[in-house]
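Asker: can't give you the sequence, but here's the structure:
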């Protein structure tokens, strides 16, 4: 994964680094909408967004490696690549327009976000339910599979050449969220098989 020194630094800097990455990625995401009308800035904003997100994922991977669960990261990465490839090939091969899923996916995202927020609040109060966490992760993984279909379809049928940065960020977020949710699912399955 990462060198042990880098792993150590990421884990020791995690509390403040999480906020820096979150706020930086959020700012770059907002900037990407502005950059649509300023093409020379699109690539720069995309690079900044990608760096903040990559650092966030590096923190997650470092935590898994430190816990001796590095193999689960590779399993989740492999599964993510397989799912993304299969869904993208399906979209390109069939040329189906999945833009009709937009409203459903938006509503489902709000429900999943609310459930994830509830899960975090339950964790803070000491009433975290592993089953509820697992259900939220499965629902999120399915949701982002739908978003991969939707965003790939938007690239094929609706977005123009000037929308490349939004298309990149959309697919990047879909793949990243699918990966993180598969990571949680595999971790939960590993924990239940160990018991």
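Answerer: That came in fine, so what should we check first? Every value quoted in this text rests on a predicted model; they were computed, and no experiment measured them.
Asker: now the helix or strand bottoming out on mean pLDDT in the chain: how far from the chain's centre is it?
Answerer: Least confident helix or strand, the chain: helix 4-35 with a mean of 80, by mean pLDDT, DSSP states H and E. Helix 4-35 has its average C-alpha position 14 Å from the chain's average C-alpha position, going by C-alpha atoms, centre = their mean, to the nearest Å.
Asker: And stretch 100-108, by the same measure?
Answerer: 17 Å.
Asker: Then stretch 160-178?
Answerer: 11 Å.
Asker: How about it, which residues are buried there?
Answerer: By 16 or more other C-beta atoms under 10 Å, the buried positions in stretch 160-178 come out as 164-171, 173-178. In short, each C-beta sits where N, CA and C put it, glycine included.
Asker: buried residues in the least confident helix or strand of the chain?
Answerer: 7, 10, 17, 21, 24-25, 28-29, 31-32, 35.
Asker: Tell me which two of those residues sit farthest apart.
Answerer: For the buried residues of helix 4-35, the farthest-apart pair by C-beta to C-beta is 7 and 35; their separation is 33.2 Å.
Asker: just to revisit the earlier point, with secondary structure, pLDDT and distance to residue 134 added, can I get the buried residues of stretch 160-178 in TSV?
Answerer: Listed next are the buried residues of stretch 160-178 as TSV, based on DSSP: H, G, I helix; E, B strand; the rest coil; pLDDT from 0 to 100; distance: C-beta to C-beta, whole Å:
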residue	secondary structure	pLDDT	distance to residue 134
164	helix	86	36
165	helix	86	35
166	helix	87	32
167	helix	90	32
168	helix	92	31
169	helix	92	28
170	helix	94	27
171	helix	95	26
173	helix	95	22
174	helix	98	21
175	helix	98	21
176	helix	97	20
177	helix	97	16
178	helix	98	16
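Asker: so which of the residues you listed would you say is closest to residue 124?
Answerer: For these, the nearest to residue 124 is residue 177 (22.3 Å; C-beta to C-beta).
Asker: In contact with the closest one: list those residues for me.
Answerer: For residue 177, the contact set (C-beta atoms under 8 Å, 6 or more residues apart in numbering) comprises 140, 144, 147.
Asker: can you check residue 25 too?
Answerer: 49, 52-53, 56.
Asker: Is residue 126 part of a helix or strand, or is it coil?
Answerer: Put simply, residue 126 is coil when judged by DSSP: H, G, I helix; E, B strand; the rest coil.
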